[in-house]
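*Asks:* Just to be clear, the model below is a prediction. Sequence and coordinates:
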Amino acid sequence: MLHRNARLTPTGRRILVERVLTGRPVAHVAKEMGVSRTCAHRWIRRYRADGWKGLEDRSSRPKSCPHATPVNVVAEVLAQRVEHREGPTDLALRCGVSARTVSRILARAGMPKLWDLDPVSGARIRASRATDRRYERDAPGDMIHIDVKKLCESYQQLVWDWLAGWYRPSASVVVTQRNYDH
């Protein structure tokens with residue numbers, strides 16, 4: 001994904017590589033494109049390694065996380081939560097991990113807070129607070145905010161007269177020219 005200060009889009013990278021492949025010096029092409037020689041060499045190196053696909057945006061997310069919480073510890077924390085219905089501090093003592101790690105595991109798994117649960121059955125009895133204050137839509141742009149400004153008094157009167165005619169079909173809408181002496 002591009003950040004807003006990126007000098008080269010995938011199309012710009014392609015142009016850079018094509019110009020270098022025609023035999024022009026990398027430093028000259030880099031100066032024309034407004035990037036450093038290091039940046040230009042990076043894109044040339046990625047093109048030579050991966051072809052045109054190498055010029056596309058890549059995720060910066062690491063491929064692995066060696067210090068991630070092991071799967072068996074995550075499973076144990078979730079099982080202990082269901083069985084004992086305890087908070088992160090008690091679960092941390094029971095499972096041998098920190099309370100913050102337990103909180104993160106529970107949040108990632110979508111487990112409700114203890115006060116959302118019935119103390120006897122463990123069933124969820126309260127709605128989540130997060131959904132009460134959010135507008136959630138299926139796609140971006142589904143909800144549109146429109147600012148309306150007051151144009152003038154005669155226009156406002158026209159709207160009111162039109163609405164009066166809309167609700168009372170027998171009423172006729174008459175727009176008169178108002179003259180103001182200022």
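*Replies:* Great, that's in hand.

*Asks:* Can you tell me the SS state at the residue nearest the centre of the chain?
*Replies:* Closest to where the C-alpha atoms of the chain average out (CA atoms, centre = their mean) is residue 140, at 9.4 Å. Under DSSP: H, G, I helix; E, B strand; the rest coil, residue 140 falls in the coil class.

*Asks:* From residue 126, how far out is it?
*Replies:* Note on residue 140: its distance to residue 126, by CB to CB, to the nearest Å, is 30 Å. (Glycine included, C-beta is placed from N, CA and C.)

*Asks:* repeat for residue 73
*Replies:* According to CB to CB, residue 73 and residue 126 sit 28 Å apart.

*Asks:* Mind checking which of the two has more residues around it?
*Replies:* Remark: of residue 73 and residue 126, residue 73 carries more neighbours, 16 against 11, as counted by other CB atoms under 10 Å.

*Asks:* my read: that one touches residue 94, true?
*Replies:* No. Assessed by CB atoms under 8 Å, residue 73 is found out of contact with residue 94, at 11.7 Å.

*Asks:* before we move on, back to that, and the residue nearest to the centre of the chain, what pLDDT?
*Replies:* Confidence at residue 140, expressed as pLDDT, is 72.

*Asks:* residue contacts, it?
*Replies:* Residues counted as contacts of residue 140 (CB atoms under 8 Å, 6 or more residues apart in numbering): none.

*Asks:* in stretch 47-58, what counts as buried?
*Replies:* With burial defined by 16 or more other CB atoms under 10 Å, the residues of stretch 47-58 counted as buried are 47, 54, 55.

*Asks:* what do you get for stretch 26-33?
*Replies:* Buried, per 16+ other CB under 10 Å, within stretch 26-33: 26, 29, 30, 33.

*Asks:* out of these, which one sits closest to residue 117?
*Replies:* Nearest to residue 117 among the buried residues of stretch 26-33 is residue 33, at 58.3 Å by CB to CB.

*Asks:* what's the burial count for the closest residue in space to that closest one that isn't next to it in sequence?
*Replies:* Take residue 33 and drop its neighbours on the chain: the residue closest to it by CB to CB, 6 or more residues apart in numbering is residue 16, 5.3 Å away. Neighbours of residue 16 under the rule other CB under 10 Å: 23.

*Asks:* isn't residue 16 right next to residue 8, touching?
*Replies:* Yes. The pair residue 16 / residue 8 is scored as a contact, 6.7 Å apart, by CB under 8 Å.

*Asks:* any shared contact partners between the two?
*Replies:* Overlap of the contact sets of residue 16 and residue 8 (by CB under 8 Å, 6+ apart) consists of 33, 35, 43.

*Asks:* Return the subset of these lying in strands.
*Replies:* Among the shared contacts of residue 16 and residue 8, no residue falls in strands (DSSP state E).

*Asks:* Next, check the residues you listed against the helices and list the overlap.
*Replies:* When DSSP state H defines the helices, the subset of these inside them is 33, 43.
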